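*Asks:* Pasted the sequence and its predicted model underneath.
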Amino acid sequence: MRPDGQPKDGRGRLYLKSVTGVLTASEGAGHRFYGLAVDPNAARRLMSVAVPVAAVAGLAAVLVVAEADLTVAALCFVPVVVGSALLGAFAGGVSVLAAFLATNYFFTPPRGSFEISKTQDLVALVAFAVSAAVVSATVARVNLLRRRAVAQGREASVRLDLTNRLASGEDPWLVVASASASMEELFGFEECRADLDAQGRLEVFTTPSADLLAPEERSLLDGFVNGLAASVDRVRLAREARTALDAAEVEQARAGFLAAMTHNLRTPLASIGAAASVLLDPAAALERPKRVELLETVRGEADRLDRLVTKVLLLARIQAGNLRVDPDPVEVEELVQAAAKRVRLLGLGRVHLSSTDDLPSVLVDPALIEVALVNVLENALRYSSPETMVEIEVTSDRDHVSVSIVDHGPGVPADERERVFDQFARGTGVDDPVGAGIGLAITREFVQAHGGRCWIQETPGGGATVVVTLPIATAPA
C-alpha cells in the first residue's frame, strides 16, 4: 500500500472495486493499518441469535411431543444453554431467555400461555433462569479465556518463528509477506496483506478492518505487528550499521593503501633519479666501483618498482576474478632458488635453504608460486634484523610439499595471524611505512588457487614461520 492509503498495484485496485466498504487507516508504533470497514460482526450476531433459538425450539418440540413436565424440561434445557454459551456470552444470554420463555409457555400451567398460576412454579422458573444464566456466563467466560490463551500462545509461537527467521538473515520482505497468512489464521481476516514501505515502515491491509476486532483481539494484533515491526527495524539498523562499518573499514584500508603506495613509489623513484643525476653529471669524476654501485642502485630500485606494480596488477586480477592457473610439474628447489634471486638486494646471503632428499615435483603454476614465495621472503627479510638468517625448510608428506620460511624477527601475535592475510592489513606492531599490506593476501590467494594452504605459526625462540603447502605432481599409490 502507498502512504496515502491507496493500493500500489493493479490487483489491489481491482480488489477494492469488487468489495463494498470504507477504507480506514490507523497507525501504531512502527506500523500502519489499512482496512475495509466491512463489519463481519453482523453475521456473527445473527448466528448468536439463530443457533440458540433454533436449538431451544427444536428441543421444546421434542419435549412437547413427549409431554414432559416443568422439571424435566428445565433439566433438558441446561445442556442447550451450556452449548450455546460456547458461542459466546451473547449467545448464552439468548439461549437462557429463549429457554425461559419456552419453559414458561409450553411446560408451566396453564400451558400455551405466559401466565403462571402457582407461586412455586414462578419460583422454579426464576431459579432455573438464574442458574442457567450463571452457568452460561461461567462457561462463556472460561471458553473466552481458553480461546484467548490459545490465541496468545499461537501468536507468541508465530512471532518467535518470524523473529528467528529475521535474525537468521532471511530477507525481511519475504518474512513480512509470510506474516500475512499468519495474521489471517490468527485473527480470522478474510484477507491480510503486509508490506514494507519505502521508509521500512510495516503496512498492513486487512479485510475486514482491524478496528472492528474485539478490544482484546486488537490489543493482541497490535502487539504482534509491533513486535514484527521492531524486529524488522532491528534487522534494518543492524544491516545499516554493518554496511557503514564495512564502508569505513574499506575507506580506511584504501587510505592506508594509497599512503603506502605513494611512499613505495616515491622512494625508488627518488633513488633512481638521484643515481641517474650523479651518473649524468659531467663534473662528477666517478671511479668504476662507485659507478657500478650507482648502476646497481638503479637496477635494484627498478626491480623494486616492478615487484610493486606486479603486486598491484595481481591484486586487481584477484578482485576481478580473472586469476588463471596453468599448473605444470616443477621442482620445489628451483622455485625457492628463483624466489631467492628475486629478493637478492634485500640480502641473498641471509637466506639459507635446507631440504630433504628425493623431494617430489609439485603441480603448480611456477610464475604464481614464485610471486607468492617472493612476497613471504620479502616480509621475512624486511622484519628480521640484518644479523639473522632467514631459513627455508622444504619437507614432503604423502600428498603435499611444505615450504616453511622461518624468520627470527618480532613475530606476529596469535590473534593477528589470520587478519594479516586480509587485503591492506598489516600487523598492529609493525612500524614500517614500506609495506602496502597486500603481499600476504596475494600469497594466500595464489596458494589456495592450487589447492594448497598458507598459515603463520610461531618460530621457536621468537619470530614468525610462514608455512606454504603445495600439491605434489604424482601422488603415490
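*Replies:* Ah, there it is.
*Asks:* Which of the three states applies to the nearest residue to Thr395 once chain neighbours are set aside?
*Replies:* Nearest-residue entry for Thr395: Ser402, 5.1 Å, with adjacent residues in sequence omitted and distances by C-beta to C-beta, 6 or more residues apart in numbering. In short, each C-beta sits where N, CA and C put it, glycine included. Using DSSP: H, G, I helix; E, B strand; the rest coil, the structure places Ser402 in strand.
*Asks:* For Ser402, grab the count of nearby residues.
*Replies:* Residues within reach of Ser402, counting by other C-beta atoms under 10 Å, total 16.
*Asks:* tell me the contacts of it?
*Replies:* By C-beta atoms under 8 Å, 6 or more residues apart in numbering, Ser402 lies in contact with 394-396, 467-469.
*Asks:* Just the buried residues out of these, in ChimeraX syntax.
*Replies:* In ChimeraX, a selection of the buried entries from the contacts of Ser402 looks like this (16 or more other C-beta atoms under 10 Å):
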select :394,396,467,468,469
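*Asks:* Check for me that Glu393 belongs to a strand.
*Replies:* Yes - applying three-state DSSP, one finds Glu393 inside a strand.
*Asks:* For it, give me its contacts.
*Replies:* By C-beta under 8 Å, 6+ apart, Glu393 lies in contact with 354-355, 403-404, 406.
*Asks:* The stretch 301-450 of the chain: strands as residue ranges?
*Replies:* With strands called from DSSP state E, counting those that start in this stretch, the stretch 301-450 of the chain shows them at 328-330, 351-355, 362-364, 390-396, 400-406.
*Asks:* and what of the stretch 151-300 of the chain?
*Replies:* Taking DSSP E, counting those that start in this stretch as the criterion, the stretch 151-300 of the chain carries its strands at 191-196, 202-207.
*Asks:* Give me the angle between the last one and strand 191-196.
*Replies:* When you say that, I think you mean strand 202-207. Orientation note: strand 202-207 sits at an angle of 170 degrees relative to strand 191-196 (axes from the mean of the first three to the mean of the last three C-alpha atoms, to 10 degrees).
*Asks:* Domain map for the chain?
*Replies:* Structural domains assigned to the chain are 42-146, 261-319, 324-471, following automatic domain parsing.
*Asks:* How many neighbouring residues does Ala241 have?
*Replies:* 10.
*Asks:* same thing with Thr474?
*Replies:* For Thr474, the neighbour count with other C-beta under 10 Å is 9.
*Asks:* Ok, Ala132 next?
*Replies:* 25.
*Asks:* just to revisit the earlier point, next, format the domains of the chain as JSON lines and append mean pLDDT.
*Replies:* Below are those laid out as JSON lines (pLDDT from 0 to 100):
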{"stretch": "domain 42-146", "mean pLDDT": "80"}
{"stretch": "domain 261-319", "mean pLDDT": "77"}
{"stretch": "domain 324-471", "mean pLDDT": "82"}
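*Asks:* The stretch 351-477 of the chain: helices as residue ranges?
*Replies:* Remark: helices assigned in the stretch 351-477 of the chain by DSSP state H, counting those that start in this stretch are 366-382, 439-449.
*Asks:* With distance to Phe107 as extra columns, can I get the ones you listed in CSV?
*Replies:* Output for these, formatted as CSV (distance: least, C-beta to C-beta, whole Å):
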stretch, distance to Phe107
helix 366-382, 102
helix 439-449, 93
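*Asks:* Next, format these as JSON lines and append mean neighbour count and distance to Glu170.
*Replies:* Formatted as JSON lines, the helices of the stretch 351-477 of the chain follow (neighbours: other C-beta atoms under 10 Å; distance: least, C-beta to C-beta, whole Å):
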{"stretch": "helix 366-382", "mean neighbour count": "23", "distance to Glu170": "39"}
{"stretch": "helix 439-449", "mean neighbour count": "21", "distance to Glu170": "30"}
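*Asks:* so which of those comes closest to Gly58?
*Replies:* Proximity to Gly58, assessed across the helices of the stretch 351-477 of the chain by C-beta to C-beta, is greatest for helix 439-449 (81.3 Å).
*Asks:* Distance check, Leu269 against Ser404.
*Replies:* The gap separating Leu269 from Ser404 is 35 Å, by C-beta to C-beta, to the nearest Å.
*Asks:* An error on my part: the question was meant for Pro329.
*Replies:* From Pro329 across to Ser404, the span is 22 Å (C-beta to C-beta).
*Asks:* Excluding chain neighbours, what is closest to Ser48?
*Replies:* Ala91 (3.9 Å).
*Asks:* mind listing what's buried in the one helix or strand the one you found maps to?
*Replies:* Using DSSP states H and E, Ala91 sits within helix 89-107. Judged by neighbour count using 16+ other C-beta under 10 Å, the buried positions of helix 89-107 are 89-104, 106-107.
*Asks:* and that helix, what does it pack onto?
*Replies:* The helices and strands touching helix 89-107, judged by 3 or more C-beta pairs under 8 Å, 6 or more residues apart in numbering; DSSP states H and E, are helix 41-65, helix 70-85, helix 119-167.
*Asks:* I'd like a version of those helices in CSV, one that adds distance to Ser180 as further columns.
*Replies:* Putting these into CSV (distance: least, C-beta to C-beta, whole Å) gives the following:
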stretch, distance to Ser180
helix 41-65, 22
helix 70-85, 33
helix 119-167, 11
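*Asks:* Comparing those, which stretch has the densest surroundings?
*Replies:* With neighbours taken as mean count of other C-beta atoms under 10 Å, the helices and strands packed on helix 89-107 reach their highest mean count in helix 70-85, at a mean of 19.
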